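Asks: fold the stuff below for me.
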Amino acid sequence: MTTERRQQMTGADILAGRGITAEPVPGPSAARFPDGAHYRLEIPSVEGPAVLRAVVETAAELGVTVNRVSQGSGAMLLAEAELAEMARIAADNGLEVSLFVGPREEWDIGRSAHAPDGGSLAGQLRGTRQLRYAIDDILRAVDQGIRGFLIADTGLLQLVSEMQAAGQLPASVVWKVSAVLAPSNPVSLRQLEQLGGSTVNVPSDVTLGQLAEMRAITTVPIDLYVESPDALGGVVRGHEAADLIAVAAPLYVKLGLRNSRPLYPSGLHIVADAAAIGREKVHRAQVTLEWIRRSGLELIQSGPGAKGLGVPEP
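Replies: Numbering: from 1, shown residues only. All right, here's what the predicted structure looks like:
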């Protein structure tokens, strides 16, 4: 399937008729997901079973296919019964659940991550003790059927990839590189792929040209917030989704939510807020899909249970 535009009047046509042209759009990516799709939709910060149910219900109401949900509080803060419930819900709906691996430095007794210049350390694992707990966190969630994990430490990424290659973890597990490690250039992106990243978050403010540069060096799926929470810059660019997909396919289109309360670490004390935020993210996804259709580009989204998704195995 090509990414040629259908014949339809667009804003670009109107501007061009008046001698006004935008910066050149890079050529389309020829890479695809294993099922031939250009893009998949991801709803982040789905912090537990109640929020996952809210997302699934809203997606059904709005006719939106959600391919992946991710979570930032960490698998370590969910009970085994909650992990198993999330696995069952996701398996029934053919979507991936990607849980953040914990612990990490921002929640440890060390204070470096909380210093004025320490934010870049937040996702790292502090010492062998945290590395051991991180492995246990993954093994515990795998036992409950989870097959997707968010990784924010390069050493852990290499280690779990080696474990998977040695048969110590299921081959079906997907390693999603966190936005905490988001690479801003092609070489850094390729390094994360070589360490074992199955998909890689890039900064939400990358340009079309920078995305094209990254895509030119690898076919690994790229994860991109088209709307990001305030902590990641508060970018709102769902209306650009079609051009972003065309340039960067295969692309996970992530719908965060600007101007919403922070959720990490989540729990029953804020579950109503987390569910409401999850529902609004699905609404944002609906609007983004409308912009994709209006673009005139023939872009294919993966369906439920598509090849390459880390769909749980309860």
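Asks: can you tell me which residues contact Arg261?
Replies: Neighbouring residues of Arg261 by Cβ atoms under 8 Å, 6 or more residues apart in numbering: 270, 273, 277. Placement of C-beta: from N, CA and C, glycine included.
Asks: which residue in those residues has the weakest pLDDT?
Replies: Lowest pLDDT among the contacts of Arg261: Ile270, with 93.
Asks: the nearest residue to it once chain neighbours are set aside and Leu195, how far apart?
Replies: Leaving aside its sequence neighbours, Ile270 sits nearest to Leu263 (Cβ to Cβ, 6 or more residues apart in numbering; 6.5 Å). According to Cβ to Cβ, to the nearest Å, Leu263 and Leu195 sit 28 Å apart.
Asks: Val160 now?
Replies: Applying Cβ to Cβ, the value for Val160 to Leu195 is 10 Å.
Asks: which among the contacts of Arg261 gets closest to Pro28?
Replies: For the contacts of Arg261, the residue nearest Pro28 by Cβ to Cβ is Ile277; the value is 33.1 Å.
Asks: what's the closest one in contact with, if anything?
Replies: The contact partners of Ile277, by Cβ under 8 Å, 6+ apart, come to 45, 257, 260-261, 263.
Asks: and if you look at Ala246?
Replies: Each residue near Ala246 by Cβ under 8 Å, 6+ apart is listed here: 3, 25, 28-29, 38, 297, 299.
Asks: would you format those as TSV with neighbour count and secondary structure included?
Replies: As requested, these are exported to TSV (neighbours: other Cβ atoms under 10 Å; DSSP: H, G, I helix; E, B strand; the rest coil):
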residue	neighbour count	secondary structure
Thr3	21	coil
Val25	13	coil
Pro28	20	coil
Ser29	21	coil
His38	26	coil
Leu297	19	strand
Leu299	21	coil
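Asks: state the pair within the residues you listed that is farthest apart.
Replies: Farthest-apart pair in these is Val25 and His38; separation 15.3 Å (Cβ to Cβ).
Asks: nearest residue to the middle of this protein?
Replies: Centroid-nearest residue in the chain: Asp223, 5.0 Å away (criterion: Cα atoms, centre = their mean).
Asks: element containing that one?
Replies: Taking DSSP states H and E as the definition, Asp223 sits inside strand 222-227.
Asks: and that strand, what does it pack against?
Replies: Contacts defined by 3 or more Cβ pairs under 8 Å, 6 or more residues apart in numbering; DSSP states H and E place strand 222-227 against strand 199-201, helix 208-215, helix 241-248, strand 251-255.
Asks: list the contacts of it.
Replies: When contacts are defined by Cβ under 8 Å, 6+ apart, strand 222-227 is touched by residues 42, 44, 176-177, 179, 189, 199-202, 204, 206, 211, 214-215, 232, 235-238, 240-241, 244, 248, 250-258, 284, 288.
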